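J.: Sharing a model prediction with you, sequence too.
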Amino acid sequence: MEIWQYIEVLRRTNKTGFFSKDNTEEKINALTKIANDGYPSLIYSLTEFIKDDNREIRETTCKTITHLFKKIDSKKGYYDTLKHCGISKSDLDFYEANFPKEQYVELLAISSLNGSGYVREKAVKKLSQVDSPRAIQFLIYRLADWVLPVRQAALNGIENYKTTDYIDSLIENLPIFEWLQKVDRTDLSGIYQDIVEFIATTNRTYVIDNFKKYPDKLRILLARHISSSLIENSQELKLFLTDKHFLIRNLAINHFGKLGQAEIEQLLNDKSANVRLQTLYCLKDQNGFETIVKKFLADNSATIRYFARFTLKKSSIDFAKFYNDNLQTNCQVIGSLSGLAETEGKQHSQTVKLYFGDKKVRVKKTAFLALCKLDAEGAYDFALANLDSPYLGLRNVIIDFLSHIPRQDVLTKARSIYEASNFDLKKSMLKLFNKVGGWTAIPDLMIGTIDENENIRQLSYGYLQIWRTRAVRLFSTPKQGEIERAKQIFNFVNETQEDKQYFKTNPVDGLDFYFK
């Protein structure tokens with residue numbers, strides 16, 4: 001049955017006559033189905049059944065509405081979904097008398113988003129008194145209501161929840177305040193600042209003690225407020241310095257003058273490049289900065305390497321030699337490999353090749369990328385030899401490189417790997433053929449559509465669609481050998497597709513047009 005048919009089941013008259021069959025179970029099943037497969041806008045059609053004469057139907061309807069209500073995943077979606085629900089002021093009293101508190105609060109929240117200002121106002125007043133953390137979110141929404149009495153009721157309600165028992169709920173809803181401040185209807189800055197002061201000043205000790213338990217988004221928001229009123233308190237700075245999120249650690253830099261040498265060293269060695277860079281900016285006017293920044297010439301971050309070289313450009317340092325010396329002593333390998341490529345140290349390309357045998361895949365990958373800039377032919381030899389590398393990251397950069405120089409030995413080896421390989425390597429070879437494109441690769445993409453593996457067939461099908469789109473821009477004239485191979489493969493694949501019926505429509509149908 002379709003969803004609308006389940007709604008029709010609910011609208012049937014309850015059969016309570018002496019010889020009539022009771023249809024309560026049928027309605028309960030319909031509500032269960034709506035809860036599982038339905039969507040929030042169905043709440044509009046269900047509110048009338050909350051007051052059904054049958055208690056079981058009432059309670060199941062309420063549970064279904066609550067379930068659908070919690071599926072709304074956007075702030076704007078609340079009002080757009082619920083404003084037309086048929087709810088009256090008297091219904092709110094009925095909800096209070098007939099449903100347990102948890103469900104009653106959800107119904108009040110829905111009512112607070114109603115199109116009627118009178119319903120919203122009454123719902124907001126009841127949310128203010130219901131003593132539930134769930135109410136806070138919907139009271140905040142109504143702080144920006146276009147009806148003044150509703151806004152005032154919401155403001156009074158928020159004041160009721162400004163207690164230590166609800167600090168966590170207020171913190172959880174701070175992002176809604178920030179979102180609402182963008183609404184031009186009313187100025188919420190004063191209210192917001194009042195809540196922030198209650199949280200970050202009045203209850204600062206609690207927030208500091210429990211800081212780590214909050215999710216990233218809330219910790220960042222709280223940290224900004226704490227930072228704006230930071231006092232000489234090493235505990236708060238330590239909280240920033242040890243946080244797992246780089247944006248919070250970065251806030252410690254705003255109080256650079258309060259940091260000791262050990263804390264500055266900690267920031268200079270931070271895993272975040274942004275934190276390291278901002279710390280260097282703070283130190284750049286200090287005596288001896290050139291000595292400090294020299295340590296960052298081979299940083300893993302390209303931005304920091306450029307900054308360090310720019311700072312030391314008037315020094316006598318031969319940067320390419322510096323990076324080569326680092327590599328000779330196995331020092332700062334990743335940054336030195338990249339730095340050597342950036343400074344065009346072609347005379348040191350042999351040193352780069354030494355790291356092709358490194359145990360770390362990241363080092364191999366960086367060495368290859370560096371050699372691509374320093375010695376293209378050397379990089380080509382390595383790429384061809386490692387086209388079937390078991391390491392996906394390395395394999396991907398090799399494919400990117402070889403796709404720009406698709407010599408015959410590359411294509412021959414790729415075809416050989418495809419024929420003899422597992423699923424992952426087949427995917428990679430198809431990726432290479434797709435990147436190469438043109439007349440050269442179309443036969444290989446066609447072959448993929450008759451692979452024994454369904455996932456490979458689907459991938460090839462997608463690549464064929466890409467090829468068709470690009471075909472209108474193939475201005476080069478294909479070689480005779482390419483045309484002959486394409487025709488041969490097309491005939492074989494087309495016949496196989498007609499026989500096996502892998503797809504609803506033959507994926508190579510019409511491709512022969514391009515090979516005439």
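T.: Structure received.
J.: what's the closest non-adjacent residue to residue 154?
T.: Of all residues not flanking residue 154 in the chain, residue 142 sits nearest, at 3.8 Å (C-beta to C-beta, 6 or more residues apart in numbering). In short, each C-beta sits where N, CA and C put it, glycine included.
J.: Now for the one you found, how many residues are close by?
T.: Using other C-beta atoms under 10 Å, residue 142 has 24 other residues around it.
J.: Quick check: it touching residue 149?
T.: No: using C-beta atoms under 8 Å, residue 142 is not in contact with residue 149, being 10.5 Å away.
J.: okay, how far is it across stretch 38-46, tip to tip?
T.: Terminal residues of stretch 38-46 lie 11 Å apart, using C-alpha to C-alpha, to the nearest Å.
J.: If you count neighbours, what's buried in stretch 481-498?
T.: The neighbour-count check on stretch 481-498 (16 or more other C-beta atoms under 10 Å) flags 482, 485, 486, 489, 490, 493, 494, 496, 497 as buried.
J.: got it, and stretch 328-341?
T.: Within stretch 328-341, the residues that count as buried by 16+ other C-beta under 10 Å are 332, 333, 334, 335, 336, 337, 338, 339, 340, 341.
J.: before we move on, back to that, what phi and what psi does the backbone show at the residue nearest to residue 154?
T.: Per-residue torsions, residue 142: phi -80, psi -10 (degrees, to the nearest 10).
J.: returning to that earlier point: got CSV for the buried residues of stretch 328-341, with pLDDT, secondary structure and distance to residue 62 too?
T.: Compiled in CSV, the buried residues of stretch 328-341 are given as follows (pLDDT from 0 to 100; DSSP: H, G, I helix; E, B strand; the rest coil; distance: C-beta to C-beta, whole Å):
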residue, pLDDT, secondary structure, distance to residue 62
332, 96, coil, 64
333, 97, helix, 63
334, 97, helix, 59
335, 97, helix, 61
336, 97, helix, 66
337, 97, helix, 64
338, 97, helix, 61
339, 97, helix, 65
340, 97, helix, 68
341, 96, helix, 65
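J.: for those residues, which one is nearest residue 515?
T.: For the buried residues of stretch 328-341, the minimum distance to residue 515 (C-beta to C-beta) is 41.8 Å, reached by residue 341.
J.: Touching, that closest one and residue 375? I think so.
T.: No: taking C-beta under 8 Å as the definition, residue 341 is not a contact partner of residue 375, at 10.3 Å.
J.: Could you point out the longest helix of this protein?
T.: Assignment by DSSP state H gives helix 480-500 as the longest helix of the chain.
J.: need the next SSE after the lowest-mean-pLDDT helix or strand in the chain, C-terminal direction.
T.: The helix or strand of the chain with the lowest confidence, counting by mean pLDDT, DSSP states H and E, is helix 75-82 at a mean of 84. Downstream of helix 75-82, the first helix or strand assigned by DSSP states H and E is helix 89-98.
J.: buried set for that next one?
T.: Within helix 89-98, the residues scored as buried using 16+ other C-beta under 10 Å are 91, 92, 95, 98.
J.: quick one: contacts for the last one?
T.: Taking C-beta atoms under 8 Å, 6 or more residues apart in numbering as the contact definition, residue 98 lies against residue 58.
J.: Show me the shaky parts of this protein.
T.: Scanning the chain for pLDDT under 70 picks out 14-21, 183-185, 232-233, 475.
J.: how long is stretch 505-516 end to end?
T.: Using C-alpha to C-alpha, the two ends of stretch 505-516 sit 22 Å apart.
J.: export the buried residues of stretch 328-341 to a markdown table and tack on distance to residue 49?
T.: Formatted as a markdown table, the buried residues of stretch 328-341 follow (distance: C-beta to C-beta, whole Å):
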| residue | distance to residue 49 |
| --- | --- |
| 332 | 69 |
| 333 | 68 |
| 334 | 64 |
| 335 | 66 |
| 336 | 71 |
| 337 | 68 |
| 338 | 65 |
| 339 | 70 |
| 340 | 73 |
| 341 | 69 |
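J.: From those, pick the one nearest residue 380.
T.: Nearest to residue 380 among the buried residues of stretch 328-341, counting by C-beta to C-beta, is residue 341 at 15.8 Å.
J.: how near is the closest one to residue 161?
T.: According to C-beta to C-beta, to the nearest Å, residue 341 and residue 161 sit 58 Å apart.
J.: Quick check: chain neighbours aside, which residue is closest to residue 331?
T.: residue 298 is the one closest to residue 331 (C-beta to C-beta, 6+ apart), at 7.5 Å.
J.: wait, I meant residue 410
T.: Nearest residue to residue 410, sequence neighbours excluded (C-beta to C-beta, 6+ apart): residue 402, at 5.1 Å.
J.: where does the residue nearest to residue 331 land in three-state SS?
T.: Residue 298 falls in the coil class when you classify it by DSSP: H, G, I helix; E, B strand; the rest coil.
J.: which residues does it contact?
T.: Counted by C-beta under 8 Å, 6+ apart, residue 298 has contacts 305, 322, 323, 326, 331, 332, 335, 336, 339.
J.: Give me the phi and psi for residue 146.
T.: Torsion angles, degrees, to the nearest 10, at residue 146: phi -80, psi -10.
J.: My read is that residue 464 contacts residue 443, right?
T.: No: Residue 464 lies out of contact with residue 443 (C-beta under 8 Å); the separation is 11.2 Å.
J.: rewinding a little: can I get the buried residues of helix 89-98 in JSON lines with distance to residue 61?
T.: Shown next, in JSON lines, are the buried residues of helix 89-98 (distance: C-beta to C-beta, whole Å):
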{"residue": "91", "distance to residue 61": "13"}
{"residue": "92", "distance to residue 61": "16"}
{"residue": "95", "distance to residue 61": "12"}
{"residue": "98", "distance to residue 61": "11"}
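J.: okay, among these, which ones form the most distant pair?
T.: It's 92 and 98 that sit farthest apart of the buried residues of helix 89-98, by C-beta to C-beta, at 11.2 Å.
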